[in-house]
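Engineer: let's see this in three dimensions:
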Amino acid sequence: MNQTPVIFSGIKATGKMHIGNYLGAVKNWVTLQNSGDYQTIYSIVDLHSLTIDIGKEELLANTGDMTIDLLATGIDPKKSILFIQSQVKEHAELAWVFNCILPVSELEKMTQFKDKAKRHKDNVNMGLFDYPALMAADILLYHATAVPIGDDQDQHVELTRKVARKFNNRWGEYFQEPQTILTKIPRLMALNDPAKKMSKDLGPKSYIALSDTPDEIRDKIAKAVTDTGGGKNAVGGKNLIDLFEAFVDDDNIAAKFKGDYKNGQLQYSTFKPMLANVIISALKPIQEKRKELAKNSDYVASVLKEGAEKARTMAEKTMREVREKIGLL
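Structural biologist: Alright, predicted model coming up:
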């Protein structure tokens with residue numbers, strides 16, 4: 001087994017990265033990478049993207065955009081393995097093994113399947129239902145000891161631990177049960193529907209993409225749903241306050257707006273423009289890096305090629321050992 005703790009995490013290629021992805025996951029990925037305490041492995045999980053109705057050109061474009069976003073936000077190929085999931089076929093192979101030991105009843109409990117099935121009623125496919133088995137394969141293929149996630153993904157990692165136990169009980173001790181590293185950033189909600197998590201599924205008005213222009217950011221913040229503060233059902237304003245706290249460096253200003261909101265005295269005509277400017281300022285260096293990377297497609301391609309080669313070496317070793325343990329030639 002690995003002596004250095006291994007971290008694995010993935011992100012779907014279903015569109016450009018938005019601030020919910022960045023604050024809820026990727027910013028933490030960079031921190032963990034730069035800590036030097038882990039071997040960090042990050043993947044653009046394009047096989048998972050196939051669970052929605054997405055065309056070839058859109059998927060290819062999204063995969064390219066997501067690669068650039070990850071590099072622009074600080075994922076360093078000298079410190080982390082970065083690769084595209086479908087370029088390592090062992091992900092799908094190990095997922096099939098897990099399919100054969102995972103009870104259907106366990107998959108039926110997954111709340112994300114239930115939520116997504118409601119949103120995509122015309123495309124409730126087997127991949128959507130079986131998503132957690134592939135996610136478990138993504139993690140265990142590299143013997144990851146920890147998975148950085150938002151709290152909405154905790155159920156999937158718990159299922160991964162169950163998969164590891166079932167495999168070990170049936171074929172002998174092999175997989176270590178991974179733990180979770182929860183992000184400290186609160187879950188960001190959709191700007192246009194703050195009762196729901198920020199998501200590309202809810203349309204471009206629901207989120208701010210890392211590539212959005214200053215004018216687009218100002219427009220989205222100006223139109224974001226709000227409330228007067230106070231009450232347990234007040235979620236729109238709280239979401240904007242959470243955003244402000246996540247991006248601003250001055251705790252005193254954040255505390256003032258938070259106090260005004262709690263007392264029902266927040267002036268959105270003042271607060272919203274300031275929030276937009278804070279986000280624009282924070283995203284500026286990322287956007288400048290994105291522009292540089294977009295002009296250097298050869299470098300981006302070489303990063304993915306090298307990352308896939310490194311990931312493949314690890315994955316092939318795991319699958320050789322898995323095949324031997326379960327009796328596949």
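Engineer: so L23: helix, strand or coil?
Structural biologist: Assigned state for L23: helix (three-state reduction, DSSP: H, G, I helix; E, B strand; the rest coil).
Engineer: what's around it, how many residues?
Structural biologist: One way to gauge burial is a neighbour count; for L23, by other CB atoms under 10 Å, it gives 23. All C-beta atoms are positioned from the backbone trio N, CA, C, and that covers glycine.
Engineer: likewise for M189?
Structural biologist: Neighbour count of M189, defined by other CB under 10 Å: 26.
Engineer: ramachandran coordinates for it?
Structural biologist: For M189, the backbone dihedrals are phi -100, psi 160 (criterion: degrees, to the nearest 10).
Engineer: in contact with it, which residues?
Structural biologist: Residues near M189 by CB atoms under 8 Å, 6 or more residues apart in numbering: A195, K196, K197, M198, V235, N239.
Engineer: which of the residues you listed count as buried?
Structural biologist: Buried subset of those (neighbour count, 16 or more other CB atoms under 10 Å): K197, M198, V235, N239.
Engineer: which two of those have the greatest separation?
Structural biologist: Greatest spatial distance among those (CB to CB): M198 and V235, at 12.2 Å.
Engineer: low-confidence stretches in the stretch 151-300 of the chain?
Structural biologist: Counting by pLDDT under 70, the ranges of the stretch 151-300 of the chain that qualify are 151-152, 185-186, 229-233.
Engineer: how about the strands in it?
Structural biologist: 179-182 (DSSP state E, counting those that start in this stretch).
Engineer: which stretches of it form helices?
Structural biologist: 154-171, 214-222, 236-247, 251-262, 268-294, 297-326 (DSSP state H, counting those that start in this stretch).
Engineer: which among those helices is found nearest to Y131?
Structural biologist: Nearest of the helices of the stretch 151-300 of the chain (CB to CB): helix 154-171, 8.0 Å.
Engineer: got the domain ranges for this structure?
Structural biologist: Split into domains by automatic domain parsing, the chain comes to 6-187+297-326, 212-291.
Engineer: now distance to G203 too, for those domains, in CSV please.
Structural biologist: Formatted as CSV, the domains of the chain follow (distance: least, CB to CB, whole Å):
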stretch, distance to G203
domain 6-187+297-326, 11
domain 212-291, 11
